[in-house]
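Participant: need the 3D shape of this:
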Amino acid sequence: MNKRDFTAAYRLFFGMLAAAAVIFQLTYGVQRGASIANFFSFFTIESNILAVFVLLLSNTFQGKRWELVRGAATLYMTTTGLVYVFLLSGLEESLQTPIPWVNAVLHYIMPVVMFLDWFIDKPKYAINFKTGLYWIIFPLAYLVYSLIRGAMTNWYPYPFLNPNHHGYLGVFVTSLVIAPIIIAFVWFFAQATRSSKDKKR
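Facilitator: Purely as a prediction, here's the structure:
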């Protein structure tokens, strides 16, 4: 099996695995009366859905715009894994991922898969740090969305986003701690593309 076939095979496998995990968890939750809107308001779910599309379509789509989409998915899944490990581990019930295999796929396996995929099949177009900063628009929008929706529904997807626990100052401080880490990974993933054979920008 050559590299291209290997890449296509693992992308298909893990893309389908993540899709199955999301669908299984959604079905499980709905059957128990869970809110569909809440389910799709988790960053974990949103980033995994993006990862599914990226994995399943990366062998079809090409070009710098697509590499930027790949980079976004890679950054968001890396963020998902790190935030879960350091801030959310043990809260599977409130995160609506109480099923062990689903939790493992969404919070452990997929972040690693997306991280490795970026280096196994490096982008053919170099992405500079300034361009990579566009990737943080979605996390910022997600933060604003979560706070506004939370104020309206009194439901927040994650404890560190809940101002009822530590106030908005606590949310702000936690966000300030997470933000530089995300930006550091933006630089890291963008820097990795500098070794690409095609240096087009």
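Participant: now do the end-to-end distance for stretch 57-71.
Facilitator: Using CA to CA, to the nearest Å, the end-to-end distance of stretch 57-71 comes to 14 Å.
Participant: how far is stretch 174-190 from where the chain is centred?
Facilitator: Distance, stretch centre to chain centre, for stretch 174-190: 13 Å (CA atoms, centre = their mean, to the nearest Å).
Participant: and stretch 142-159, by the same measure?
Facilitator: Averaging C-alpha coordinates over stretch 142-159 and over its chain gives two centres that are 18 Å apart (CA atoms, centre = their mean).
Participant: I'd like the numbering to begin with 55 instead of 1 from here.
Facilitator: Got it, first residue is 55 now, which makes that one stretch 196-213.
Participant: what does it contact?
Facilitator: With CB atoms under 8 Å, 6 or more residues apart in numbering as the test, stretch 196-213 has contacts from 89, 92, 95-97, 100, 137, 141-142, 145, 148-149, 215-219, 222, 225, 229. (C-beta placed from N, C-alpha, C; glycine too.)
Participant: any regions of the chain where pLDDT drops low?
Facilitator: Low-confidence regions of the chain, defined by pLDDT under 70, span residues 249-255.
Participant: switch the cut-off to 50
Facilitator: Residue ranges of the chain with pLDDT under 50: 250-255.
Participant: so which strand or helix has Ile99?
Facilitator: Following DSSP states H and E, the helix or strand that holds Ile99 is helix 97-111.
Participant: other SSEs contacting whichever helix or strand comes after that helix?
Facilitator: Note on helix 97-111: by DSSP H and E, the next helix or strand toward the C-terminus is helix 118-137. Secondary-structure packing of helix 118-137 (3 or more CB pairs under 8 Å, 6 or more residues apart in numbering; DSSP states H and E): helix 97-111, helix 164-174, helix 191-207, helix 217-246.
Participant: of all the ones you listed, which lies closest to Gly83?
Facilitator: Judged by CB to CB, the one of those that comes nearest to Gly83 is helix 97-111, at 10.4 Å.
Participant: and that closest one, which residues are buried?
Facilitator: 97-102, 104-106, 108-110 (16 or more other CB atoms under 10 Å).
Participant: swap in stretch 158-176?
Facilitator: Applying 16+ other CB under 10 Å to stretch 158-176 flags 159-161, 163-165, 167-169, 171-172, 175-176 as buried.
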